[in-house]
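J.: heads up, no residue letters with this:
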């Protein structure tokens, strides 16, 4: 919460910041604050300083890392990846975003890897994963905010022909692998 002292409208500014800026309607809140400031008895320099501080706060909130399990903007996304490869094959999962590398995770058949993150400020989050098995690495998007495939729950089953997305109570949205590249023999000792 921003504290502004020695200003007639300081209570109003504090209220606007805590009730509006931290929520999706923050732009309209900035306009409200600008209007209130223009009606106050502050100098132009004081008004500019307050608006610059509010802009800085907004920019800082926009740069929060995506992989944090909460969202300042109200939407937390849960991604779950389950190994459904045949013949007890092990699956290496490695997920990343622009800002975060979630590391490598080995899954036995039937095991799952899960992560949560807060949707980015401009609703542009993208997490992609590499799935390595049978000497090949398969790259796919696990979550893309610009697509309508999944919203708060992105649950995937990984099978040899391709990944399947859980929708309407079952894993029905399956597609073939889009990008495949050969890798050396990466197997983990049991």
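T.: Received, thanks. Everything numeric here is computed off the predicted structure, so don't read it as measured data. Numbers count the residues shown, from 1 in each chain.
J.: C-alpha from now on. contacts and neighbour counts both.
T.: Noted.
J.: which stretches of the chain have low pLDDT?
T.: 1-42, 47, 56-74, 121, 148, 184-190 (pLDDT under 70).
J.: ranges for the helices of it?
T.: Ranges of helices within the chain are 10-16, 26-39, 44-62, based on DSSP state H.
J.: Outline the domain layout of this structure.
T.: For the chain, the domain assignment from automatic domain parsing gives the residue ranges 10-62, 76-182.
J.: Leaving out chain neighbours, which residue sits closest to residue 103?
T.: residue 94 (5.6 Å; C-alpha to C-alpha, 6 or more residues apart in numbering).
J.: and the one you found, what does it touch?
T.: 102-105, 129-131 (C-alpha atoms under 8 Å, 6 or more residues apart in numbering).
J.: if I look at the nearest residue to residue 136 once chain neighbours are set aside, how far off is residue 53?
T.: What sits nearest to residue 136 in space, not counting adjacent residues and going by C-alpha to C-alpha, 6+ apart, is residue 182, at 4.4 Å. Distance from residue 182 to residue 53, counting by C-alpha to C-alpha, to the nearest Å: 50 Å.
J.: so the residue nearest to residue 136 touches residue 132, yeah?
T.: No. Between residue 182 and residue 132 there is no contact under C-alpha atoms under 8 Å: 9.2 Å.
J.: These two: which is more packed in?
T.: Set residue 182 next to residue 132 and count neighbours by other C-alpha atoms under 10 Å: residue 132 wins out with 23 against 12.
J.: In contact with the more buried one, which residues?
T.: The contact partners of residue 132, by C-alpha under 8 Å, 6+ apart, come to 91-93, 138, 186.
J.: Those residues in strands, which ones?
T.: Judged by DSSP state E, strands contain the following of the contacts of residue 132: 91-93, 138.
J.: Tell me the one of those residues nearest residue 163?
T.: residue 138 (9.7 Å; C-alpha to C-alpha).
J.: who's in contact with that closest one?
T.: Applying C-alpha under 8 Å, 6+ apart, one finds that residue 138 lies in contact with 130-132, 177-181.
J.: just residue 139 next, same as before
T.: 128-131, 177-180.
J.: Next one: the residue nearest to residue 89 when sequence neighbours are not counted relative to residue 86, how far apart?
T.: Using C-alpha to C-alpha, 6+ apart and skipping residues adjacent in sequence, the residue nearest residue 89 is residue 109, 6.2 Å away. Counting by C-alpha to C-alpha, the separation of residue 109 from residue 86 is 8 Å.
J.: Now do the contacts for the residue nearest to residue 177 when sequence neighbours are not counted.
T.: Counting by C-alpha to C-alpha, 6+ apart, residue 177 lies nearest to residue 162, which is 4.9 Å off, once chain neighbours are set aside. Contacts for residue 162 (C-alpha under 8 Å, 6+ apart) come out as 174-177.
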